[in-house]
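K.L.:
sharing a model prediction with you, sequence too.
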Amino acid sequence: MSSDPTPPATGYLRVRTDRGHTVLELHGEIDIAAAVEIIPHLDAATGHPGARIVIDLRHVEFFDCSGLRLLYRARQRVLDRDGELRLVCTHPLTLRVLKVTGLARLLPPAPSLEAALEQPEAASGTL
């Protein structure tokens, strides 16, 4: 099962492990100010070979192009290192942004953390 959550990396991000995956749980409003705080932690989590990452957006209240850039950055870094990236998203407006931009095709959002962790290995979102 999941380990105890670590203290927040920033006000916008909590990082923990669950079943061999690093879970990056984003919180609040993900805009340019939040992205600046999140990037160092995102890069640390996605920087090693074979990283297994889940980005959880269930606690996000606002998500703009800065949030999209974070997802694209994480995806590229993980794929460059032969890892896998999974996404959890349930907020209707954020889901719409993911669909309109095409990111939902590259990172199909799961409806829960449980569903994301149960996805097969090939779910890293390649075209």
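P.N.:
Received, thanks. Numbering: from 1, shown residues only.
K.L.:
Leu57 should be in a helix, yeah?
P.N.:
No. Assigned with DSSP: H, G, I helix; E, B strand; the rest coil, Leu57 falls outside any helix and is strand.
K.L.:
shouldn't it be in contact with Phe63?
P.N.:
Yes. The criterion here is Cβ atoms under 8 Å, and Leu57 meets it with Phe63 at 6.9 Å. Any C-beta I mention is one placed from the backbone N, CA and C, and that applies to glycine too.
K.L.:
what sits in contact with each of the two?
P.N.:
Common neighbours of Leu57 and Phe63 (criterion: Cβ atoms under 8 Å, 6 or more residues apart in numbering): Ile30, His91, Thr94.
K.L.:
dump the residue contacts of Lys99.
P.N.:
By Cβ under 8 Å, 6+ apart, Lys99 lies in contact with nothing.
K.L.:
swap in the one 5 residues further on?
P.N.:
Residues in contact with Ala104, defined by Cβ under 8 Å, 6+ apart, are Leu95, Leu98.
K.L.:
that one sits in which helix or strand?
P.N.:
Per DSSP states H and E: Ala104 is located in helix 103-106.
K.L.:
who are the packing partners of the next helix or strand after that helix?
P.N.:
Using DSSP H and E, the helix or strand that follows helix 103-106 towards the C-terminus is strand 109-110. Applying 3 or more Cβ pairs under 8 Å, 6 or more residues apart in numbering; DSSP states H and E, one finds that strand 109-110 contacts strand 84-88.
K.L.:
parallel or antiparallel, list what pairs with the strand it packs on.
P.N.:
According to DSSP bridges, strand 84-88 has the following sheet partners: strand 52-63 (parallel), strand 109-110 (parallel).
K.L.:
ok, for Gly47, nearest residue in space, not its chain neighbours?
P.N.:
Leaving aside its chain neighbours, Gly47 sits nearest to Arg77 (6.8 Å; criterion: Cβ to Cβ, 6 or more residues apart in numbering).
K.L.:
what are the boundaries of the helices in this protein?
P.N.:
Under the criterion DSSP state H, the chain carries helices at the ranges 32-46, 65-80, 92-101, 103-106, 113-118.
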